[in-house]
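Trainee: Here you go, sequence then predicted model.
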Amino acid sequence: MGRTFLIDTDTASDDAVALVMALRRQDIEVSAITVVSGNVSVDQGVRNALHTIELCGRTTPVFRGAERPLQRNPNYAHFFHGDDGMGNQDYPPPRRKPAEGHAVDAMIETIRARPGIILVTLGPLTNVALAVTRAPETVDNVERCIVMGGAPCTVGNVTPAAEYNLWVDPEAARIVFRSGLPIEMVGWELCRKEANLLPEELDLIRSFDTPYAHFALDCNRTALEANRLQSGDPGLALPDPVAMAIAIEPAICTRKTDHYVDIETTGELTRGMSVVDALDVTHDERNTVWHDLRAGGPNATVCWEIDIPHWKGLLYAGLQA
């Protein structure tokens, strides 16, 4: 095994495809999957993760994590992913049970034991915030932290200002972005427009005629229609698989820059907004509210553009025989 991944997820349809991409790689060991409340309840997310792992023929442990955001009520994304998070496909119950212990404890123990681990977050950051608060020293063991979340200097997908994962638990997101983790922020906008899977590409995937290809399309049936309705995009948007593609092959991100980034927690219109200092004005004396971030230097690498053919090719490779 070349690299070790720890994946934190609120397992719904696009998360499941991202898990398939990682679990089927021979050069990646997925040491654990931790589940958080987000797209669906944490119990449904655990069930969906276990089902996906069984599809891939793996035995990766799945740990149940936070049932709700740090300070807020849950807000599920049933509209987008279906009541079960998997396109209402009514998949059978998984044969395996979740691992013993809480996801936050498992995350801390795994990171402590595996210096150089790559942390990939696909949902709200509640579990990660709890882990870095409880064991801040573990941050130094994480080589990369790929965060699928945010909408830097662009439009949101749950409010005009915010992307869903950061909006669900903005307090957790702020803790994580201020934690010292080596964050690579993969915003929602990177899966849009030409990065969508277009109708002919969906047909191509179906033609692979593998369990993974059929699963990827079937569980995203409601997401396909919701994406067209919500965003007016031409096909299927897969934000979590785009983030996973960058985790697997960093060169898929073709333009990235380091910035001060903070998360809005109190704004009436801007809850969960990822505020990116794109012009490096944090140190201006007028920006007193950014004082806490100044000392440590830019706290996130923001991915602005991706190689779309490369991203889609990596996805196809994970869904073929």
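Mentor: Received, thanks. Numbering: from 1, shown residues only.

Trainee: Please count neighbours and contacts with C-alpha atoms only from this point.
Mentor: OK.

Trainee: Please name every helix or strand in contact with the least confident helix or strand in the chain by mean pLDDT.
Mentor: None of the helices or strands of the chain scores lower by mean pLDDT, DSSP states H and E than helix 291-294, at a mean of 80. Of the remaining helices and strands, none touches helix 291-294 by 3 or more Cα pairs under 8 Å, 6 or more residues apart in numbering; DSSP states H and E.

Trainee: Would you indicate which residues of it are buried?
Mentor: L293 (16 or more other Cα atoms under 10 Å).

Trainee: Residues contacting the helix or strand just after it, please?
Mentor: Counting by DSSP states H and E, the element after helix 291-294 in chain order, helix or strand, is strand 300-306. Residues outside strand 300-306 that contact it (Cα atoms under 8 Å, 6 or more residues apart in numbering): 152, 177, 182-187, 190, 252-261.

Trainee: one more time with 7 Å
Mentor: Here strand 300-306 makes contact (Cα atoms under 7 Å, 6 or more residues apart in numbering) with 182-186, 190, 252-261.

Trainee: Just the CA trace of it, in CSV.
Mentor: Taking C-alpha atoms only, strand 300-306 is exported to CSV below (Å, rounded to 0.1, in the frame of the first residue of the first chain):
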residue,chain,number,x,y,z
ALA,A,300,-6.0,26.8,3.5
THR,A,301,-5.0,25.9,-0.1
VAL,A,302,-8.0,26.7,-2.3
CYS,A,303,-8.5,24.7,-5.5
TRP,A,304,-9.8,27.0,-8.2
GLU,A,305,-9.7,24.9,-11.3
ILE,A,306,-9.5,21.2,-12.3
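
Trainee: buried ones in it?
Mentor: So, applying 16+ other Cα under 10 Å, buried residues of strand 300-306: 300-304, 306.

Trainee: from those residues, which single one is nearest Y316?
Mentor: Closest to Y316 out of the buried residues of strand 300-306 is I306 (16.3 Å), distances taken as Cα to Cα.

Trainee: check contacts around T4.
Mentor: Here T4 is in contact with 28-31, 117-118 (criterion: Cα under 7 Å, 6+ apart).

Trainee: circling back to that earlier point, turn the buried residues of strand 300-306 into a markdown table, including pLDDT and distance to L319.
Mentor: Formatted as a markdown table, the buried residues of strand 300-306 follow (pLDDT from 0 to 100; distance: Cα to Cα, whole Å):
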| residue | pLDDT | distance to L319 |
| --- | --- | --- |
| A300 | 98 | 31 |
| T301 | 98 | 29 |
| V302 | 98 | 28 |
| C303 | 98 | 25 |
| W304 | 98 | 26 |
| I306 | 98 | 20 |
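
Trainee: could the residues you listed go into TSV alongside distance to F63?
Mentor: Below are the buried residues of strand 300-306 laid out as TSV (distance: Cα to Cα, whole Å):
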residue	distance to F63
A300	27
T301	28
V302	29
C303	29
W304	32
I306	31
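
Trainee: wait, which of those residues is closest to P199?
Mentor: I306 (20.4 Å).

Trainee: ok, that closest one to G313 distance?
Mentor: 13 Å (Cα to Cα, to the nearest Å).
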